[in-house]
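**Q** Only the shape, not the letters, is given here:
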């Protein structure tokens, strides 16, 4: 028995010998069966008379898993003769009939078995996680790609599934014992390409996977798998790539309004406007001015959050109140009538593919208005000073009324809408 790759055990194989006629037909003949001792098997025959004897020797069944039986037949011719003194002589010739060709006569009797254990398959898999400290993003199928390499060559490619983030390479089948080393890495697309997920910080980790295939002679290969994270000591229980979602903050938010001064030309930076943080019902959060701004020469009022280094890195809805800062005391201009309107501003921060953006809406007392309706209108009135008392007089006449020093005059001022588009 000339098997390879596996040690031969005693009594693993059986062999049958049939004594036949010269046609070597075993039909109707009884087999004499023996088992192997190591790689050897034998029969002992005792001849009592001269003659020619014919035998067929074949291999029987085996208890060895993974072993293929040799189907060859050996046709053995034994010639027994005696000399004049009666001394016998035995000669033997063997013809091996293989499964495909007849081999030379006068060969040894041998059976060539092959050992081939059943193959084993191993799957290499992992998990992708996508987390955001301030903004979350749903993990979609095929969002990320992974390479399995062996000897510096890409052997397989896999994509993550949705939600769980699991990915799996095609199973690798092994037909013999040995050690195989693979590396698993995430494919990191170049910045600005369509394949790269905007706002994602990719995991640059590299995992080494060692697959050890063993054969204990049982007829079935076995495999063990160990995983190491390159650059870290020891093994890890699983391959996990952790990506972070960090979209670009909104730094360009501008809330706009318009200042109009009627009856006089507006001067740049003439009026000041405040913005306050508010609750959802537009009550002030703290009453503290978040920041202020002034008008330009054309009446444009801009609350520029970027210029104030205010950025939005979290999704959500934010509420503000904007109003004109009305001076008091000596700072007030008696010729100016100030606008006391308060505008309610709602800012929605949303994710626009890896960059946070904003949507701004306006209202007055809960009534929605367009951006171009957010305006503060002040009026300028001419102030005419005149002497009302002459020296030595105790009373005088003002606007048809006789008054004395210390008297209070009351006036009623009525405003009329003279804009063309609102006239009846």
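**A** In hand now; what should we look at? None of the values given here were measured: they were computed from a predicted structure. Residues are numbered from 1 along each chain as shown.

**Q** so what's residue 42 up against?
**A** With CB atoms under 8 Å, 6 or more residues apart in numbering as the criterion, the residues that contact residue 42 are residue 34. Any C-beta I mention is one placed from the backbone N, CA and C, and that applies to glycine too.

**Q** Check residue 290 too.
**A** Contacts here follow CB under 8 Å, 6+ apart; on that basis residue 290 touches 274, 275, 276, 277, 310, 320.

**Q** What sits closest to it if chain neighbours are left out?
**A** Of all residues not flanking residue 290 in the chain, residue 275 sits nearest, at 5.0 Å (CB to CB, 6 or more residues apart in numbering).

**Q** what does residue 82 give?
**A** Taking CB to CB, 6+ apart, and ignoring the residues beside it in sequence, residue 82 has residue 88 as its nearest neighbour in space, at 4.8 Å.

**Q** about what we covered before: tell me, how many neighbours does the residue nearest to residue 290 end up with?
**A** Residue crowding around residue 275 was assessed by other CB atoms under 10 Å; the count is 21.

**Q** Show me what it is bridged to.
**A** residue 291, residue 322 (DSSP bridges).

**Q** Low-confidence bits of the stretch 51-200 of the chain, can you list those?
**A** Confidence mapping of the stretch 51-200 of the chain against pLDDT under 70 gives the ranges 98-107.

**Q** Residue 347 and residue 70, how far apart?
**A** Applying CB to CB, to the nearest Å, one obtains 85 Å for the distance of residue 347 from residue 70.

**Q** do residue 359 as well
**A** Applying CB to CB, one obtains 82 Å for the distance of residue 359 from residue 70.

**Q** more neighbours, these two?
**A** A direct count of neighbours by other CB under 10 Å for residue 359 and residue 70 places residue 70 higher, at 19 against 10.

**Q** and that one, what does it touch?
**A** The neighbours of residue 70, taking CB under 8 Å, 6+ apart as the test, are 59, 111, 112, 113.

**Q** quick one: which two of these are the most distant?
**A** Put simply, by CB to CB the two of those set farthest apart are 59 and 112, 9.7 Å from each other.

**Q** ok, the residue nearest to residue 82 - how many residues close by?
**A** Burial of residue 88 is recorded as 12 neighbouring residues (other CB under 10 Å).

**Q** Hmm, the residue nearest to residue 290 is touching residue 255, no?
**A** Yes. In this structure, residue 275 is within contact of residue 255 by CB atoms under 8 Å, at 6.9 Å.

**Q** shared neighbours of these two, anything?
**A** Here residue 275 and residue 255 have 303, 320, 322, 345 as joint contacts, going by CB under 8 Å, 6+ apart.

**Q** Mind checking which of the contacts of residue 290 are buried?
**A** Among the contacts of residue 290, those classed as buried by neighbour count (16 or more other CB atoms under 10 Å) are 274, 275, 276, 320.

**Q** ok, the first one to residue 203 distance?
**A** To tie it back to what came earlier, the one meant is residue 274. Per CB to CB, residue 274 is found 46 Å from residue 203.
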